[in-house]
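Enquirer: Sequence first, then the predicted structure:
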Amino acid sequence: MGRKRKGDPVHGWLIVDKPLGLTSSTVVGKVKRLFNAAKAGHGGTLDPLASGVLPIAFGEATKTVSYVMDGIKVYQFTVRWGESRTTDDGEGEVTRTSDVRPDEAAINDALKSFVGDIEQVPPAYSAIKVDGKRAYDLARNDIAVELKPRTIHIERFDLIDMPGPDHGTFEVVAGKGSYMRGLARDLALKLGTCGHISALRRLKVGPFDEKVAISLDKLETLGHSAPLADQLLAVETALDDIPALALTEEEARNLRHGRAISILPVANRSSLEKVDPDAVYCAMADGKLVALTKIAGGEIRPLRVLNY
């Protein structure tokens, strides 16, 4: 028999506006203690020098984290031209300087090369594993790290402000695995100079944007006057883009026990016109998520069963 987790069975999503200076794991730890939750995790790391949207999953919502992390993300960041650093942000040591300062026309022309599917070498100070060790741990110990380029997708990359000759501010809509520090570094090189990110904020992750984000300070204040559970979003909120199947209670019970069910009555009830064998479907009963499923061989088969 497994060891029972300490804490309360809290389920759902909390969207935190992460402050500067804290790691994502530190924020999760603080929030987990505030809720006295048995289980919590985040939906996409933000560096300590970044602020913004940090989705935190509690309990059974942790089973849906991968779908949030696979979603589109929106960032706003400022590049400091003429200075590259070991970490590609303001935390590292200066490694190179340049007197070249790009103008607006040059920047907008260069941005065209960074839209669509592009190749990107992740920053040396990243969480990617190299021979079982995190790249940032190797870099901090002065061990040379050679990371291979990866294909990423950039939907939009816009210059939105030029506060002065030394800085440019951008907004990016990006897919999974994109490093903004890498974009800033590579854009500067494309422009014949060097640069690093001096400010970074995440505006959106999947279905969650900063409009629903709450600060740690406000959470701590609310904890003294109102139930914190009122701040939680439903588990299924993370899956808004995934088609839903309407189940009867008996069908839901079968899925919860790991048993496949027939697709025909569910398809008729759910107005399912076409079955995509590669798609994931949300099996719902009484407005609650029962399981993440796939359809094959005329059956609905459970991938991840939720119990809450």
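Expert: Alright, I've got the coordinates.
Enquirer: you'd agree Glu273 is in a strand?
Expert: No. Counting by DSSP: H, G, I helix; E, B strand; the rest coil, Glu273 is not found in a strand; it is coil.
Enquirer: For Glu251, see how far away it is.
Expert: Computed with CB to CB, to the nearest Å, the distance linking Glu273 and Glu251 is 20 Å. Backbone N, C-alpha and C define where each C-beta goes, glycine included.
Enquirer: cool, and Pro265?
Expert: Taken as CB to CB, the span from Pro265 to Glu251 is 8 Å.
Enquirer: Which one of those two is surrounded by more residues?
Expert: The neighbour comparison of Pro265 against Glu251 (other CB atoms under 10 Å) goes to Glu251, with 21 against 13.
Enquirer: does the more buried one sit in a helix, a strand or a coil?
Expert: helix.
Enquirer: List the contacts of it.
Expert: Taking CB atoms under 8 Å, 6 or more residues apart in numbering, we find Glu251 in contact with 261, 265-266, 283, 285.
Enquirer: Among those residues, which one lies nearest to Arg181?
Expert: Checking these against Arg181 with CB to CB, the nearest one is Ala283 at 39.4 Å.
Enquirer: can you give me how far stretch 18-28 is from the chain middle?
Expert: 14 Å (CA atoms, centre = their mean, to the nearest Å).
Enquirer: That stretch: end-to-end distance?
Expert: Between the opening and closing residues of stretch 18-28 there is a gap of 10 Å (CA to CA, to the nearest Å).
Enquirer: in it, what counts as buried?
Expert: Buried residues in stretch 18-28, counted by 16 or more other CB atoms under 10 Å: 18, 22, 24, 27-28.
Enquirer: Just give me the neighbour total for the nearest residue to Cys282 once chain neighbours are set aside.
Expert: Nearest residue to Cys282, sequence neighbours excluded (CB to CB, 6 or more residues apart in numbering): Ala244, at 4.6 Å. Using other CB under 10 Å, Ala244 is surrounded by 15 other residues.
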